[in-house]
Structures are given as structure tokens and as C-alpha cells.
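Visitor: The following block contains a protein sequence and its predicted model.
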Amino acid sequence: MVPCWNHGNITRSKAEELLSRTGKDGSFLVRASESISRAYALCVLYRNCVYTYRILPNEEDKFTVQASEGVPMRFFTKLDQLIEFYKKENMGLVTHLQYPVPLEEEDAGDEPEEDAESIQSPPELPPRNIPLSAGPCEAKEGPLLSDNLRATEVSRPSLSETLFQRLQSMDTSGLPEEHLKAIQDYLSTQLALDSDFVKTGSSNLPHLKKLTMLLCKELYGEVVRTLPSLESLQRVFDQQLSPGLRPRPQVPGEANLVNMVAKLSQLTSLLSSIEDKVKALLHEGPESPHRRSLIPPVTFEVKSESLGIPQKLQLKVDVESGKLIIKKSKDGSEDKFYSHKKILQLIKSQKFLNKLVILVETEKEKTLRKEYVFADSKKREGFCQLLQQMKNKHSEQPEPDMITIFIGTWNMGNAPPPKKITSWFLSKGQGKTRDDSADYIPHDIYVIGTQEDPLGEKEWLEILKHSLQEITSMTFKTIAIHTLWNIRIVVLAKPEHENRISHICTDNVKTGIANTLGNKGAVGVSFMFNGTSLGFVNSHLTSGSEKKLRRNQNYMNILRFLALGDKKLSPFNITHRFTHLFWLGDLNYRVELPTWEAETIIQKIRQQQYADLLSHDQLLMERKEQKVFLHFEEEEITFAPTYRFERLTRDKYAYTKQKATGMKYNLPSWCDRVLWKSYPLVHVVCQSYGSTSDIMTSDHSPVFATFEAGVTSQFVSKNGPGTVDSQGQIEFLRCYATLKTKSQTKFYLEFHSSCLESFVKSQEGENEEGSEGELVVKFGETLPKLKPIISDPEYLLDQHILISIKSSDSDESYGEGCIALRLEATETLLPIHTPLTHHGEMMGHFRGQIKLQTSQGKMREKLYDFVKTERDELSSGPKSLKSLTSHDPMKQWEPTNRIPPCGGSSITEIINPGYIGAAPFGHMKQTLSPDQQPTAWSYDQPLKDSSLGPGRGESPPTPPSQPPISPKKFSSSTTSRIPGPRTQESRPSDVGKNMAEPLPQEDPPLTKPEMFENPLYGSVSSFPKLVPRKEQESPKMPRKEPPPCPDPGISSPSILLSKAQETEGNKGTGKPVPPPAPFLSPTPRLRSFTCSSSADGRPAGGDKSQGKPKAPTGTQVPVPAKRPIKPSRSELSQQRPPLPVKSPAVLHLQHSKGRDYRDNTELPHHGKPRPEDPPLARAAMQ
């Protein structure tokens, strides 16, 4: 029996919580060590502090405690003896052990699941007439077999006799005589000998092995003779021969059982592969599929204005030839065309979701700005994706810097799929879907997760490949397939990426009853795509509306024990091991409403009032409280609940089920979800998120999500081979960590990164008491200088440093974080910040300064910089839905109580911040104005709702007090959605200030959240008109006026601050003056690939907030009274052409007089006006 003080695999923070709860000196417990396998940690409470001692096993498996110096080591054979010994006083511990802390009572989650059919036994294996191996499974079955033998001896003939009689009753006329005699000999004499082996606990069956080898003797020789011929045939049809590929030499192995099984497996694999290759070759011709275009020319009807006269045009995108052709009529001749090299940039309008500006280069090397209006926003998005595909296809870069990933999750309900499931892979159905024009663009990687999957791996794989072949005319390569009972994950990739993918790893974690059954749990796959690490987790969590806490625990267990990625990153769990981590599956979180509201819920679904229901979504609520999926993101949900449907229809939810214990309710819920978490400042954009409507064999609907993800190539140093790259250096200064811990120990830092030869360990820091019981660990100037392996900025600015703060007494990590090296300037001290998390819990923060030194060079423009979003020139009138503050754009990305960015405008030296410090079309730009303080980017994802508190990146549910709005991700935290592919925090230079000092709130007031980029649903009814954002809200969503903001201190966005006034208001603080945080509305999440931001904090044109300005109060520094500056009618009527970039002096003069709208649609430069707010129909949650 396990002693009450042995808590097994609980986390360090949980152990501290249990001890603190007792409050008695001498309270203790034992847990498993997080840093050393087979070791333990003895945790003791003394004077409200927790002391941790490692219990280490030696070579003889005897235990000893690392006690204080001068205390002799004592060895114990059992943990119980060790604990009894240290209950005596003065034995070397801080105090003797007195009060064992008992185990907490188990959550009711270990009871049987609510649905009897949900507990599936493991999938049945095909019958094996001849057991070929005696593996671990047979070892486990041995004792059972011996027990059965004993029972058999009493009541019936012996096993040998029974089997011999069975053989005699069979038709053995077709068997060779020597084979039949060998089987008879085994059954009559040798079976008993093997039985003796089993009884002694051995898994070896030597006589059975001898028999099978005799039977397969001729087969083995035939297989060895046949395999080279089949491999030669396979190479003939292989379309993807790698350079330098040579046939494997055929060394005949020993004719044993293991080799036999391997050869047979190889034989069946080859036969299947040859058939696939011949089919593909016959279907596609001799040219490799990825070498030729699979995308036919696509034509879009658009509207353009010439001299104020609207006219219809046809834009034809020919991906294969690399041309954009402009025609006046569909069947007419070409008026003009632009090659892919002449198309410089696509600029999406935020106000008008169907408007696009194309920057093209003319023959005279001038830049033209062409403006077009598409039929709807989805057409515009399809056009942008096709042009991106064209740029990628004709790029001179040998390796991609952006790929697209399809993620699909489906609980199949233990029923085979229908014949046609292509709508799933085309992202068709409800929610945010793809336009038809994008159907021809295959994704680079397809990840398909299934639960309650009744099919075999091979059968399911054939269905998936056939479906993808049907829509892409391409045969995808299987990267990985992994199954735990009925939970399965499959990863497929384009053939051209086969040699770019390496380090493939798979694993699974069981979270079923007692964490031993695999009916619930997770399967995962990870691999490297060139220089980028990718991780995918498919999980099926505990079912039942009331088992929310058990689901949270499932998630934590998966996080801790799923072994994927680089094993050298041992201090970090999977949330820090990957550049991009995608988590999909039937998470089983429900809509938490009373069962008697079932019909009300159905009614709201019919009316598409999803926001009302999502405000009660358990996953969103748990994420808001930081209990699960910390710092993950989820796209806005705009589709109906995916569970529980009546099978073979999507018109009726079957929310009741009669059981022996009474009526069971399964209210319609969004059980099936896709979330993601990426490193800071890495490009990632969710292009679609929805569910299918035509796949109805299960009570769940399949869910799809597609992503653009930035990737890096395997960088090769420009220095010659053998030379040492000594120019690069990463220096951390004035750093300190705040930790939520009761431990009394010394701490040190470990720095891990792929840009370092190996991890680097720091000296111990100095501990100080912080506010609210936190511990502050200061490292000052003692941190080591890091030497990257390559100092070229094109490589180094794409890298990240992982930080782990560890205790000296147990070497266990107390928190992990990530710092992006994509800094705005080099050779300059920049502030940094990252939250510290451990096993999915918030542990504290790491702050300081960084100085990065690189060699000479510049970053090239990436493919994802080709598309950007900018604010429109003019307000659409007094009811315009613009509601952003006139302060620094980065403030809307900061959570409440966050330190404001220094200078407020340094981050805006970016035309298209797919990378930091890039001027138009890729030139490095590091000039900072005197009043600008350079800032660094950090890992913390800002809040999307100020109510979440500091350090949060979770998505809150829509508050019930708000009108129905679609939950949307918390404000800008989606990576790459504006300046910088992933939102990060800027930090001030005065990092070392008193921690207790109140920090100004930074979220700007908002009126209506809206979706910015990629709104792939909701088309416009009247094509010829520009469709403003307000009119482009999804017609399914009811529009209501938002309630007035209850905080009178929130300044209205319509109050315009001139540059002179802002400068005056900021004097003395050195920081931009932030507005108070909003009360209800979350900050908008900008969904473009990138976006422009105001370099000098100037206001952008035409902002109104409910049509009425409010006076600024609250935390703002008093400034002279201002009133809204309204544009004159003449200004509104003028359509001025773009002007050249203005100098700062001209901008200063301009803003001291009043607002000029002319600078709002300039060619890309660092002073972009800031994006506007979203409409009401799209809220701030995921």
C-alpha cells in the first residue's frame, strides 16, 4: 500500500500548495523528482517556507537524502525507513519530519464515463494463426495461460491433447508431409516444454520458434531473392529520387524469426508502394506533380475607378506563367499584364473588406497604386492567396519561408466515414471558410486527428490519400501515423517536402480510467521542417458536462508526459519545444447551462446567436481563469456547435439519452476544437476555422482549420568552412525574475537555443522578498554572454532563446519562458519580458535588458511580407466604427497593468513587419528618433480582454452583459496579425523599478470588436458598391448597439492628440500616456499578415466612438482641453493621390495645425495610421 505522504507525480507547485495549506512546521510529503528519473523530492514546511531535498537512488537502489554539509550520508533500502529516520530531531534537515500531508481525494473523474459505448476496448487485431514472436505482450499473457492450464487439467483433457484432436479434425491434405509431421511433434511433446518456460515467467518459446522457422524456411529464401527485384521496379517508378540516392546493398541476414518478419513487412510495403507509384504515374504523366502547376488560371470580376468613373474589369491570375492579366471583359483581349516580379505588394483595406490595393512597378521603375473592389471579402482573400502562391512558385529562394497547414479533427462515433469527405479538406461548410478560387491550392501539410475511429490504419490512410488525390491531383507522402486505441493522428505532406522533414517523433499518453486506459488520452507527432520545429497533439478528453476539472487534469497530464520534440530541451514541456504547436481533438468542453434551457439553446443556434452560448463555453471560461491552455490561441468561432447531432442529419441535435439511471443530457456544445501556440514574433495566421455540413455518419461534425506558418531554412554560414564565427553575441543585463513560490533555495538560469552550441548555465542570483509573497531573484550583471554559432542577422534575428530558472537544491525548473531575438536594433540595450510558466501554470515573470550583436547584413523580405493591411483614408461618416486610441498602436496589444512601451513609437520603423527593422521591401532600417526608446519583443502574449489581468494571453468568453457578439481572440495576440508576426510586449528601460509601483493600464477603449483579416464568410449583396466593414458583418449575426462603457475615465478615440500635445503630456515620464483599460470590449485582433502602425503616435483619421467624445480622465497625465477635430466637407470630398513620405519635421508641423487625411494611404512607410476596430458581430474571444 502506498503511504499517505507519497504523492507520486504531483507537480512542485501543487506540493507547495498542499504544504502551505497545512500551515504547520514539520509538515512533509514526498513526490517524484521532476529533474531526475527514479529520484524523489522530500518537501518540508518550516516557518511558512518550503524546503526541498532530493532523495537519490544509488547503483544498489538504496536511497539517500542530500542534506546539509557536514551531515554524514545514510542509505536506506526503502523510502519508509528513510522517512522514519528523519522523524528524529537534528538529523540534518531544516526541521524533523512531523506531520505527513495526506493524498487528496481523487476526483470523481475515475468513475466510468457517461456513455457506455464511449469506453471502447482496444481495437481488435486480426487473428494470427501462427504466433510469430514472443514479445512483451506474450510475456504479460504468460501467467494467465498457466492459470488456465491448471483449471484445464482438472476438468478436461490436457491442452496438448485438445490441440492435437483439433489438428486431426482439420483438412490437412494440402500440407507438405514434413510440415504436418513437425506440427504434430510440437503439439504432442514440445508444447509441454514451452509451457514449462511460461510457468517460470519466461517470455521465450524456443520450440515454437524452431517450428515456425522450419515452416518458413523456403519462404525466407524466396523473399530474400524477390526483394531486390521489387526495389528495382519501385525505383523505376519513383518520382522523388533524392540526389545521391543509391540502392541499398542486399546483405542476406540470418534466417531467424525477426529477420523474417522484417522482410515480410518490407515485401508488403514495397508491393503497396509500387502499386501507388504506377497509379500516380499513369494518372499524372512522367513529370513530377510538384514540378508542374496544379492551379489553373482563375479570373476575378472587380470594380475600379478611372477619373471618378467606375468600370468593371477582369483580373486573371495565371500562377503557372507568373502573370496578373487585366482585361475589360471576360472574353476580351488582354489590356495589360504584370509579371510576378513587377507586383510589389498587396495592401488590404481594413474598413472595406472587399477592397484591395496592388502596388506594381512600371517600366520606368515607378510605383503605381491600383485599387480594386471585389465582389466580397472571400474573393479578395482567394485572390491574395493565389498571388502569394504565384510569388512562391516563381521565387528565386530555394527554400520556402512560409507553408500552409491543414488541421482536421473528427470524432467518428465508431462509424465508418461516408464515401465522400472532400468538403472537410476544402474547408467548406459553416464558419470561416475558404473561397472556391482557393480550392486549387493544395496545403503543404495535412494533419488529421480522429477519435472513436473504427478503421484500421491502412484503410484510413487510403481513404485520406484518395480524397486528397481527388482534390489536388497529387499523391501525398505519409510523414507519420500513430494510434492509441481509437485515437489516431495522421500527417501527410507534399512530395516536394519529403527531404525537408526530419526528426520525426511520435508518442501517446493515456488519461482514461486511473490513467491506464487508452479510451481517453492523446497522440502526438513532431518533426523539423528545415529549421522550424512543428508539433501536433490530438486528444480525446473526459466526457460529461460536469467533469470540467477532470478535463483540465487530462490536459495537464498530457502536457507533462507527452514526449515529443528535442529531448535536449528536458526542462521544457511541449508548449516551449516547438516553433508552432497545434492542439486539436474532441476536448469535450461543454456549454454550461441548465438542462431545462435545452430548447432555448436550440433556438439560439437556429438564429445563429452563438455569442450568447459561447459566453457559457467551459473551455473559454477555463482559459480566461488561466486553468488550461495557458497562452494558446483559438480562432473566432462562427459555426454551430459540433456535438451532439442525430446521425445522418445535421438538422437535429439529439441532446437527450434514456439510460438506466434516468435521462442523460448532452446539450449542444463545441466539443471539437483547434488551438495553437507559437514562439513570439513568428508568422502564423489562421485562414479558416469551421465545420462541415455534409458529413453526417457520426454524432460529431468534422472541424477544419487552416494556417499560414512562417518557417526558416537550414541556414549555412557565409563564412568559409572551418572558420569561427565570433562576431555575434547576446548579452543579458539587469535581469530579474519574480516567482510564485514558498521555496527557500538559490536559483540559477539555463539558456537553451538552436543558435547555441549547447545550453549555458548562469551563476546563482540573489533572492529578495517581493510584493504579495513573491520571490524576486536578481541576476544583475552576472549573466554569461552567449555566443551564437552564426552571427548573420538573416539567421540570428529569426532565433529564440528559451530560459529556465532552476533551483540549486534540486535542479528542478520553477519556470520557463521564451525571448525572440527579432529586435528592432542591434548594439543597443533593449528591454525584454517573458512570462514564466511551468506545467501549464503561471509561475511569474522574467524581465531585464538585452543587447544583440550581429555581423553586417540585412534580412531579406519574406513571402508573408507580400500582403499587408492598412487603414483607409477617410472616415465613412459620423457612425464609423473606428475606435482606436490616438496613442501608440502597441498599447492596444498590452494587457492591463503592463508596463508601457518606451517612447511609444520605436516599433513603427516597419513598412511590413514580417520582420522587425525592415524598411520598404526588405531594407534594414534602424534609425530611431531622439524621443524614441528602442524596445525589444518578449514572449508574453497580450490580453485581449483587460479583465484578464496582467500577464495573460488567454481568451475570455464574451461577458453575459454584452450584446451577442462572436467571441474573438483576445486582441491582437494572434501572431503576425500586425507589426510583427506574433504580438509581443515591449518593455521600458527602467526595468529595475520598484515592483510595487502601480503600472499604468494600457488597453485602449473599444466600442465594437471586429475581424480584420481574412473574414472568409459573409459576402456582399451589391457588388458595385464599396462594402464598409459595418455592412460586411455576417448577415447571420444580429447587430446590436454596444452598451455605453461604464468607466467614465476612458477617453474617447475621437479625441485627437496632436504630436505637440502628446509630447507635452509625456514629459517627465518618458513614456506614452496610456488610456485606462476598457471595461468590456476586448482590443481587436488584427488578422493581417502584417500591418502598419503609427510611428509617432499620431491619430488616424475619422475616429468616432458612439458619435460622442468623452474627456480623458483616469490615469492620463492632464493635457490641455481638446475637442474633436472634424474634417471639413471639402476635405471629405477630395480624393487626393498618394503623396511622398513626409519628413518628421513636416509631420510635426502638420499635426500641430490639425489633422490632414492625405497621409493615411501613403506608399508603405513607417508612419502607417493604425488599424481600426472591428464591428460588433465579431467579439474578442476565441
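Guide: Ah, there it is. If you're wondering where the values come from, they're calculated on a predicted model, not measured in any experiment.
Visitor: contacts, neighbours, all on C-alpha from now
Guide: OK.
Visitor: Tell me, how many residues neighbour residue 64?
Guide: 20 (other C-alpha atoms under 10 Å).
Visitor: what's the answer for residue 77, then?
Guide: The number of residues packed around residue 77, counting by other C-alpha under 10 Å, is 13.
Visitor: what's the closest non-adjacent residue to it?
Guide: residue 62 (4.7 Å; C-alpha to C-alpha, 6 or more residues apart in numbering).
Visitor: Any stretches of the stretch 601-750 of the chain with poor pLDDT?
Guide: Scanning the stretch 601-750 of the chain for pLDDT under 70 picks out 716-726.
Visitor: where do the helices sit along it?
Guide: Taking DSSP state H, counting those that start in this stretch as the criterion, the stretch 601-750 of the chain carries its helices at 610-614, 618-624.
Visitor: Which one, of the ones you listed, ends up nearest to residue 44?
Guide: Closest of the helices of the stretch 601-750 of the chain to residue 44 is helix 618-624, at 31.3 Å (criterion: C-alpha to C-alpha).
Visitor: right, and residue 766 touches residue 781 too?
Guide: No - the criterion here is C-alpha atoms under 8 Å, and residue 766 misses it with residue 781 at 11.6 Å.
Visitor: what about the two, which has more around it?
Guide: With neighbours defined as other C-alpha under 10 Å, residue 766 and residue 781 compare such that residue 766 has more, 14 against 11.
Visitor: So what sits opposite that one in the bridge?
Guide: Counting by DSSP bridges, residue 766 is bridged to residue 778.
Visitor: check contacts around residue 727.
Guide: Contacts for residue 727 were tallied using C-alpha atoms under 8 Å, 6 or more residues apart in numbering; they are 791, 853, 854, 855.
Visitor: From residue 492, how far off is residue 508?
Guide: Counting by C-alpha to C-alpha, to the nearest Å, the separation of residue 508 from residue 492 is 19 Å.
Visitor: One more: residue 40?
Guide: Here residue 40 is placed at a distance of 41 Å from residue 492 (C-alpha to C-alpha).
Visitor: quick one: which of the contacts of residue 727 has the most company?
Guide: Counting neighbours by other C-alpha under 10 Å, the top entry in the contacts of residue 727 is residue 791, with 25 neighbours.
Visitor: Would you agree that residue falls within a helix?
Guide: No - using DSSP: H, G, I helix; E, B strand; the rest coil, the assignment for residue 791 is coil, not a helix.
Visitor: isn't it right up against residue 728?
Guide: Yes - the pair residue 791 / residue 728 is scored as a contact, 4.3 Å apart, by C-alpha under 8 Å.
Visitor: intersection of neighbour lists for the two?
Guide: In contact with both residue 791 and residue 728: 853, 854, 855, using C-alpha under 8 Å, 6+ apart.
Visitor: want to throw these into TSV with distance to residue 451, pLDDT and secondary structure?
Guide: Output for the shared contacts of residue 791 and residue 728, formatted as TSV (distance: C-alpha to C-alpha, whole Å; pLDDT from 0 to 100; DSSP: H, G, I helix; E, B strand; the rest coil):
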residue	distance to residue 451	pLDDT	secondary structure
853	49	92	strand
854	48	91	coil
855	50	88	coil
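Visitor: buried stuff in stretch 83-91?
Guide: Buried residues in stretch 83-91, defined by neighbour count with 16 or more other C-alpha atoms under 10 Å: 83, 86, 87, 91.
Visitor: now the helices for the stretch 51-200 of the chain?
Guide: 79-85, 136-155, 159-169, 177-185, 191-199.
Visitor: Of those helices, which shows the lowest average pLDDT?
Guide: Here the lowest mean pLDDT among the helices of the stretch 51-200 of the chain goes to helix 136-155, at a mean of 38.
Visitor: For this structure, name the helix or strand with the lowest mean pLDDT.
Guide: None of the helices or strands of the chain scores lower by mean pLDDT, DSSP states H and E than helix 136-155, at a mean of 38.
Visitor: Show the residue spans covered by the helices in the stretch 301-450 of the chain.
Guide: 377-393, 422-425.
Visitor: any residues touching the shortest one, and which ones?
Guide: Okay, so that is helix 422-425. 406, 408, 429, 467-468, 470-471, 691-692, 694, 702-704.
Visitor: any idea of the mean pLDDT in it?
Guide: Throughout helix 422-425, pLDDT has a mean value of 98.
Visitor: Could you export that helix as CSV, CA atoms only?
Guide: Provided in CSV are the C-alpha atoms of helix 422-425 (Å, rounded to 0.1, in the frame of the first residue of the first chain):
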residue,chain,number,x,y,z
THR,A,422,-13.6,16.1,-49.6
SER,A,423,-15.5,19.1,-48.2
TRP,A,424,-13.5,18.7,-45.0
PHE,A,425,-10.2,19.2,-46.8
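Visitor: Offset the numbering so it begins at 2, please.
Guide: Sure, I'll start counting at 2 from here, so that last one is helix 423-426.
Visitor: Flag the shaky bits of the stretch 252-401 of the chain, pLDDT-wise.
Guide: Low-confidence segments of the stretch 252-401 of the chain (pLDDT under 70): 252-256, 258, 271-295.
Visitor: in it, which spans are strands?
Guide: With DSSP state E, counting those that start in this stretch as the criterion, the stretch 252-401 of the chain has strands at 299-307, 310-319, 324-328, 335-340, 344-350, 356-362, 368-375.
Visitor: right, and the ones you listed - which one's nearest residue 59?
Guide: strand 344-350 (64.4 Å).
Visitor: Check which helices and strands that closest one sits against.
Guide: strand 356-362, strand 868-871 (3 or more C-alpha pairs under 8 Å, 6 or more residues apart in numbering; DSSP states H and E).
Visitor: that older thread, closest one of the contacts of helix 423-426 to residue 55?
Guide: Distance to residue 55 across the contacts of helix 423-426 (C-alpha to C-alpha) is lowest for residue 409, with 44.0 Å.
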